[in-house]
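Q: I need the structure of the sequence given here:
(chains A and B)
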Amino acid sequence: MMNLKQLALATVFAVGSSLPVMAATAFVSSEKDNVISIIDVTARKLVKNVKVGMRPRGVLLSKDQKVLYICTSDEDHIEVLDLETLKITHTLPSGPDPELMALGPKGRILYVANEDDNMVTVVDTVDRRVLDEIPVGVEPEGMGVSPDGKWLVNTSETTNMAHFINTATSKVEGNVLVDSRPRVAQYTPDGKEVWVSAEIGGTISVIDAATYKVSHKISFKIPGIRREAIQPVGIRITKDGKWVFAALGPAARIAVINAKTYEVEKYLLVGLRVWNLALTPDEKFIVTTNGVSNDISIIDVEKRKVIKSIKVGRMPWGVVIK
Amino acid sequence: MNASHYYRALAGIIIREGLRFLHQRQRFMGALVRPLIWLFIFAAGFRSVLGVSIIPPYETYILYEVYIAPGLVAMIQLFNGMQSSLSMVYDREMGSMRVLLVSPLPRWYLLTCRLIASTFISILQAYVFLLVAWFWEVQLPPIGYITALPAMFISGFMLGAIGLMLSSIIRQLENFAGVMNFVIFPMFFASSALYPLWKIRDSSISLFNISSYNPFTHAVELIRFSLYGQLNLYSLVYVSAVAILFLGIAVYGYDPGRGFMARKQDT
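A: I've put the predicted structure just below:
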């Protein structure tokens, strides 16, 4: 007999395949339930769960925002979800265990971090073939492309480095040592800095993109939370470059960091093991994925307030919003 | 007896209670300091105690101080209700109630006026507490500060009615310590004021059952939902029914001919 949860899920699947027009739509991958949850951020509601391949993690919108690239890690490829029909139209080769991706400036080239293979794979999304493989450190993960598209920063979790890759030559031109287990790399909108989170180190390193030197290091202190539980992963920077939001993993907090003073101004309580986050295009809301509590939290950016948490598939991982 | 007499009695009792409250600054400070100690000190040690369950009326994860704020509002009303009603023991012997109770106005009406007056005082204290809590990041939706008013009135009235019922039984004011031990503390601790009921059920089913029937739990939940602009209908009905029941017992108890007073004098 179906239990209530299964029934709800089945109903959601049966609703149909077209998506209503929404002001801001979040796509959340759940690595245990193998679904992409579609959330109407403005209405604060789960609209639909779309079944995809095994262990979906990193998600990325195409430049025209018509398809969603999904790293289905246990399938060893990238699935392409048509956002009109909500069907997987085709897959892209990715190398083994794809985890996170970044798009080149023209939107054609996809850079994929292969966690098990110590490689960054360069994929042509039109010809659907691998163009190149760039050897990097052990357990590559974070992928940040500079605003001008000339540089790709990849982090390797075990080597504890941020690798600066020249996208024109696909060569690593700089390595910067950061704290233990770097996860996510994000360029500031002016391209002058790269912010890199270190999960075990519990810090965020701000790297000067021109000199490859760590210019600032941000650490976190939350009353009542032990230091080991503070594990920064996801980073998002506002378009004006003034604010940085960092997900702090088991600490269940989002840190609001002033990007000019490098000071943490507030901690916002969200679900457990928050790893990734995304801003709505108008930057009014943030959606966070809370892996252990199986939900997402929506934050009102202006009020610096968490307004709602919504259950999604099990172990939500990546999120993008269009 | 016409409506103006009733109105004058109500206004007189409210003004008298208000003046007494204003003159007793220590009582005001005590009423405020007690919940603030819970908020600033007790809650600080339990910031992450609630785990991962989101329960209505909350829509997301909350810090412990946010959780206990409605319980502390109810705590203010509990103490106020008990103190105010037990001061009836004194008033009845030598204060103004002695005069009032012999007036031609019905006894139930006078007692209700007295309850309304003390409820207003407790609401005043609660709003001052909520103002201080706001600066401690216990910030509720703006509408909640308005919708909480009727909820606090009903809960304050019920807690006052319980106190009034007790005061009709208690002989001397010194028994307040006993009331603390046997009424206030059990009511406060065996309720949803400090922990949600699901958390209590995890540790003890019997304590969960006691807490579920505890009128104070429903006062807390009525206030909690109202602070988020929502109505907890079950708690509203429960609190209202308990208020009427205890007021009825108190009115009976204060009847010199039949009630507990008569029996006390007999003994």
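
Q: Quick one: neighbours of residue A:79, just the number.
A: Residue A:79 has 22 neighbours, counted by other CB atoms under 10 Å in any protein chain shown. Where C-beta positions appear, they are placed from N, C-alpha and C, glycine not excepted.

Q: typo on my end, residue B:135
A: So residue B:135, with other CB under 10 Å, has 8 neighbours.

Q: show me where pLDDT drops low in chain B?
A: Applying pLDDT under 70 to chain B flags residues B:1, B:47-52, B:92-97, B:171-176, B:256-267.

Q: Show me the strands in it, by range?
A: Counting by DSSP state E, chain B has no strands at all.

Q: Check whether the longest helix seen in it comes near chain A.
A: The longest helix of chain B (DSSP state H) is helix B:64-94. No. Helix B:64-94 lies out of reach of chain A by CB under 8 Å from any CB of the partner chain, never closer than 9.0 Å.

Q: For that helix, buried residues please.
A: Residues of helix B:64-94 classed as buried by neighbour count (16 or more other CB atoms under 10 Å in any protein chain shown): B:64-89, B:91-92.

Q: What's the separation between the residue in the stretch 101-250 of chain A that chain B sits nearest to and residue A:230?
A: Chain B sits closest to residue A:224 of the stretch 101-250 of chain A, with a gap of 3.9 Å, by CB to the nearest CB. Distance, residue A:224 to residue A:230, using CB to CB, to the nearest Å: 11 Å.

Q: residues near the residue in the stretch 151-267 of chain B positioned nearest to chain A, how many?
A: Residue of the stretch 151-267 of chain B nearest chain A, by CB to the nearest CB: residue B:228 (12.0 Å). Neighbours of residue B:228 under the rule other CB under 10 Å: 17.

Q: Spit out the contact partners of it.
A: Going by CB atoms under 8 Å, 6 or more residues apart in numbering or on different chains, residue B:228 touches B:57, B:58, B:140, B:141, B:144.

Q: quick one: the residue lying closest to the third one once chain neighbours are set aside from residue B:220, how far?
A: Pointing back at residue B:140 there. Spatial nearest neighbour of residue B:140, chain neighbours left out: residue B:227 (5.0 Å); criterion: CB to CB, 6 or more residues apart in numbering or on different chains. Separation of residue B:227 from residue B:220 (CB to CB) stands at 11 Å.

Q: what sits in contact with each of the two?
A: With CB under 8 Å, 6+ apart as the test, residue B:227 and residue B:220 both reach residue B:70.

Q: Of those two, which one has the most company?
A: Just comparing residue B:227 and residue B:220: by other CB under 10 Å the higher neighbour count belongs to residue B:220, 29 against 24.

Q: where does chain A come near chain B, residue by residue?
A: A:223-225, A:252, A:269-272, A:292-293, A:297-298, A:306-309.

Q: Ranking by neighbours, what's the top pick from those?
A: residue A:270 (29 neighbours).

Q: Quick check, that one in contact with residue A:255.
A: No. Counting by CB atoms under 8 Å, residue A:255 is not a contact partner of residue A:270; they are 11.0 Å apart.

Q: these two touch, right, residue B:121 and residue B:19?
A: No. If you go by CB under 8 Å, residue B:121 and residue B:19 don't touch, sitting 10.6 Å apart.

Q: more neighbours, the two?
A: A count of neighbours by other CB under 10 Å puts residue B:121 above the other of residue B:121 and residue B:19, at 26 against 10.

Q: what's the nearest residue to the more buried one if we skip its chain neighbours?
A: residue B:21 (4.9 Å).

Q: what sits against the one you found?
A: B:27, B:28, B:121, B:124.

Q: Drop anything exposed from those residues.
A: For the contacts of residue B:21, buried by 16+ other CB under 10 Å: B:27, B:28, B:121, B:124.

Q: Mark which of those are part of helices, please.
A: B:27, B:28, B:121, B:124.

Q: So which of these is the closest to residue B:10?
A: residue B:121 (14.4 Å; CB to CB).

Q: State the distance from that closest one to chain A.
A: According to CB to the nearest CB, to the nearest Å, residue B:121 stands 33 Å off from chain A.

Q: Can you list the low-confidence ranges for chain A?
A: In chain A, residues with pLDDT under 70: A:1-22.

Q: coming back round to it: ok, of the contacts of residue B:228, which one's closest to chain A?
A: residue B:58 (9.0 Å).

Q: how about the closest one, what does it touch?
A: Contacts of residue B:58 (CB under 8 Å, 6+ apart): residue B:228.

Q: Go again with 10 Å.
A: By CB atoms under 10 Å, 6 or more residues apart in numbering or on different chains, the contact set of residue B:58 is A:308, A:309, B:50, B:66, B:67, B:196, B:224, B:228.

Q: Out of the residues you listed, which is nearest to residue B:168?
A: Nearest to residue B:168, judged by CB to CB, of the contacts of residue B:58 is residue B:224 at 30.3 Å.

Q: Look up how far residue B:133 lies from the residue nearest to the closest one when sequence neighbours are not counted.
A: Nearest residue to residue B:224, sequence neighbours excluded (CB to CB, 6+ apart): residue B:70, at 3.7 Å. Here the criterion is CB to CB. By it, residue B:70 lies 10 Å from residue B:133.

Q: joint contacts of these two?
A: residue B:140.

Q: What about the contacts of residue B:58, which are in helices?
A: B:66, B:67, B:224.

Q: Isn't the last one up against residue B:152?
A: If I follow you right, that is residue B:224. No. Between residue B:224 and residue B:152 there is no contact under CB atoms under 10 Å: 11.3 Å.

Q: Quickly list what's touching both of the two.
A: What both residue B:224 and residue B:152 touch, as defined by CB under 10 Å, 6+ apart, is the set B:70, B:73, B:74.

Q: With distance to residue B:255 added, can I get those residues in JSON lines?
A: Converted to JSON lines, the shared contacts of residue B:224 and residue B:152 look like this (distance: CB to CB, whole Å):
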{"residue": "B:70", "distance to residue B:255": "36"}
{"residue": "B:73", "distance to residue B:255": "33"}
{"residue": "B:74", "distance to residue B:255": "30"}
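
Q: residues contacting the residue nearest to residue B:140?
A: B:57, B:66, B:69-70, B:73, B:130, B:138, B:140-141, B:143-145, B:147-148, B:151-152.

Q: Check which helix or strand the nearest residue to residue A:152 once chain neighbours are set aside maps to.
A: The shortest distance from residue A:152 to any non-neighbouring residue, by CB to CB, 6+ apart, is to residue A:165 (4.4 Å). Residue A:165 is part of strand A:161-166 when elements are defined by DSSP states H and E.

Q: Appreciated, that's everything.
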